[in-house]
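Chemist: Curious how this folds, go ahead:
(chains A, B, C and D)
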Number of protein chains: 4
Amino acid sequence: MIVQTPLKLSCQDVSSLLDEIFPQLLEGGKSYFVDWIKPGETQMRLVADQRHLRPGGTVSGPALMALADVSAYVIILATLGPVALAVTTSLNINFMAKPGPGDILGHCKVMKFGKRLVVVEVDIFAENQTELVAHATATYSIPPV
Amino acid sequence: MIVQTPLKLSCQDVSSLLDEIFPQLLEGGKSYFVDWIKPGETQMRLVADQRHLRPGGTVSGPALMALADVSAYVIILATLGPVALAVTTSLNINFMAKPGPGDILGHCKVMKFGKRLVVVEVDIFAENQTELVAHATATYSIPPV
Amino acid sequence: MIVQTPLKLSCQDVSSLLDEIFPQLLEGGKSYFVDWIKPGETQMRLVADQRHLRPGGTVSGPALMALADVSAYVIILATLGPVALAVTTSLNINFMAKPGPGDILGHCKVMKFGKRLVVVEVDIFAENQTELVAHATATYSIPPV
Amino acid sequence: MIVQTPLKLSCQDVSSLLDEIFPQLLEGGKSYFVDWIKPGETQMRLVADQRHLRPGGTVSGPALMALADVSAYVIILATLGPVALAVTTSLNINFMAKPGPGDILGHCKVMKFGKRLVVVEVDIFAENQTELVAHATATYSIPPV
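Modeler: Reported below is the predicted structural model:
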């Protein structure tokens, strides 16, 4: 039940905008990448390095929360274009497993795309594994034009 | 209604352990500091710099989520000592205002300290301001000894 | 850090309106009561009977969620007056203890009262006990006038 | 990514147990029904009547939260059998649309089935409609045997 609103920007457009808008994401080396974007869906990739680990050698909660948050930002940006900055109003995440080795993927699906609020869910898993590492839902406020 | 379980570690002990356990938090310069710890409570400080900002110059959601998560980790560590690593099982955060200038504080209060689960809430605000920037609740699983 | 917006309606006004707007809450006998209302705060009381119990004789999760939701509705109604119907957009609840005998109280505090969104937190506990039974946060959308 | 743990009880077994364990759900006339159960999945049906409505004639938030909570309880009961009572530890719900006419369905999917914690998500929608009415995630604690 993905809300398939049409896209205004391509995956490449959004990637370039993201580097420009969020130079912080590039600091210490780029680690969040947009794999693909479809109407109402996107997949992002976290190429985890030392900065994203926590004790035990697993990817940290904040790194996974950032993956969820950025993937939602990406699908909203791709849908609305660079007119307004969506603001996260709430985020809920359940952590279910420690990720195995490899990149971490965040598959973000739009559940509602309203005029004022967008609601998404994000499945987070290690590449080539089916077990969920984490699952997030998040709500974004769209400022009035 | 803070659950005032006695402390095993001092603020200084926990700060040292944190730097050792989470060297990632030091990368690019230390920015998360433990202000104080009391039974069932701690306050952490985020000295925000470029790395923690998002478009519009405000502190990013992931930086605030990390503040909430680390402050919970700190009070659990101070209460149980360095015997077991608590694991975040869920985190919920509401973002309410863009922080004004200055450091960001996270005041973490234990709502439940069970044998298996710890539940905390965290008030996040800019220093010298009363308005809440964000509010988080989070749940941690304590591994069996 | 309670947002103390002034009240338009008294506790008695709100109670009467609630009975009128939500006749469902009266069905099978009235069980949700408004104890008091102050700017940015209200306390509601659930006089639990058979209908609100779950296996083990404890008050059910849905009865506690209803207490949180109705208490938020009450403080918004008291603040804005009966002009518009606030709509719950999200609710998060942590259950921490099985309530002991006696009435269940829900103490609702406004964390943000914006033009479009209201965010509250609700402490839920058994009367005469200090231990938290549950803690909820919830977000409400205020329709444009 | 549904965790397909094998079932110990059939749909009919669970329905009978539910009526016995939760006689409260029958009060005023039965309104929550188990449509079907598969490994890691169940669908429940809320036949909404006056008791479940809120102002504006739409199904109330607490009725939808109860649907989510009971559907999770059902799949855990079907998977573990009637040995232990799972306890809800947290529930998060986003409300996205007012349901149209007809029964309300809750499609519950297991995301994690651990020894201590079970995590589910529940899609809630009106029958014959594809738009999501609400989406919940919830966590349950399994008592030690």
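Chemist: Could I get the full set of helices for chain A?
Modeler: For chain A, applying DSSP state H gives helices covering A:11-21, A:61-80.
Chemist: where's the first one relative to the chain centroid, distance-wise?
Modeler: When C-alpha coordinates are averaged (CA atoms, centre = their mean, to the nearest Å), helix A:11-21 and its chain have centres 13 Å apart.
Chemist: Contact residues of chain A facing chain D?
Modeler: Chain A comes close to chain D at residues A:1, A:92, A:94, A:96-97, A:111-112, A:119, A:121, A:123, A:125, A:130-132, A:135, A:137, A:139, as judged by CB under 8 Å from any CB of the partner chain. In this view, the C-beta of every residue, glycine as well, is placed from N, C-alpha and C.
Chemist: out of the residues you listed, who's near chain B?
Modeler: Checked against chain B using CB under 8 Å from any CB, these yield the following neighbours: A:92, A:94.
Chemist: Could you dump the helices of chain A into JSON lines and include mean neighbour count and mean pLDDT?
Modeler: Shown next, in JSON lines, are the helices of chain A (neighbours: other CB atoms under 10 Å in any protein chain shown; pLDDT from 0 to 100):
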{"stretch": "helix A:11-21", "mean neighbour count": "16", "mean pLDDT": "90"}
{"stretch": "helix A:61-80", "mean neighbour count": "26", "mean pLDDT": "94"}
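Chemist: closest one to chain C among these?
Modeler: helix A:61-80 (14.5 Å; CB to the nearest CB).
Chemist: May I ask which helix or strand of chain A has the lowest mean pLDDT?
Modeler: strand A:53-54 (a mean of 72; mean pLDDT, DSSP states H and E).
Chemist: starting at the chain centroid, how far to that one?
Modeler: Using CA atoms, centre = their mean, the offset of strand A:53-54 from its chain centre is 19 Å.
Chemist: are any of the residues of chain A next to chain D buried, and which?
Modeler: A:92, A:94, A:96-97, A:111-112, A:119, A:121, A:123, A:125, A:132, A:135, A:137, A:139 (16 or more other CB atoms under 10 Å in any protein chain shown).
Chemist: Report the two of these separated the most.
Modeler: A:Ala97 and A:Lys112 (27.6 Å; CB to CB).
Chemist: Excluding chain neighbours, what is closest to A:Gly56?
Modeler: The shortest distance from A:Gly56 to any non-neighbouring residue, by CB to CB, 6 or more residues apart in numbering or on different chains, is to B:Leu85 (6.3 Å).
Chemist: which stretches of chain A have low pLDDT?
Modeler: For chain A, residues meeting the criterion pLDDT under 70 lie at A:24, A:26-27, A:55, A:84, A:145.
Chemist: What ranges does it have for its strands?
Modeler: A:32-38, A:41-46, A:53-54, A:58-59, A:87-95, A:104-113, A:117-126, A:132-141 (DSSP state E).
Chemist: D:Lys30: which of those strands is closest?
Modeler: Among these, the nearest to D:Lys30 by CB to CB is strand A:104-113 (29.9 Å).
Chemist: tell me what that closest one is packed against?
Modeler: Strand A:104-113 is packed against strand A:41-46, helix A:61-80, strand A:117-126, strand D:132-141, with contacts defined by 3 or more CB pairs under 8 Å, 6 or more residues apart in numbering or on different chains; DSSP states H and E.
Chemist: Which of those sits closest to B:Leu25?
Modeler: For B:Leu25, the closest of these is helix A:61-80, at 9.7 Å, according to CB to CB.
Chemist: now the angle from that closest one to strand A:87-95?
Modeler: Orientation of helix A:61-80 against strand A:87-95 (axes from the mean of the first three to the mean of the last three CA atoms, to 10 degrees) gives an angle of 130 degrees.
Chemist: does helix A:61-80 come close to chain C?
Modeler: No - for helix A:61-80, no contact with chain C is found by CB under 8 Å from any CB; the gap never falls below 14.5 Å.
Chemist: tell me the angle of that helix relative to strand B:132-141?
Modeler: Going by the same axes, to 10 degrees, helix A:61-80 makes 130 degrees with strand B:132-141.
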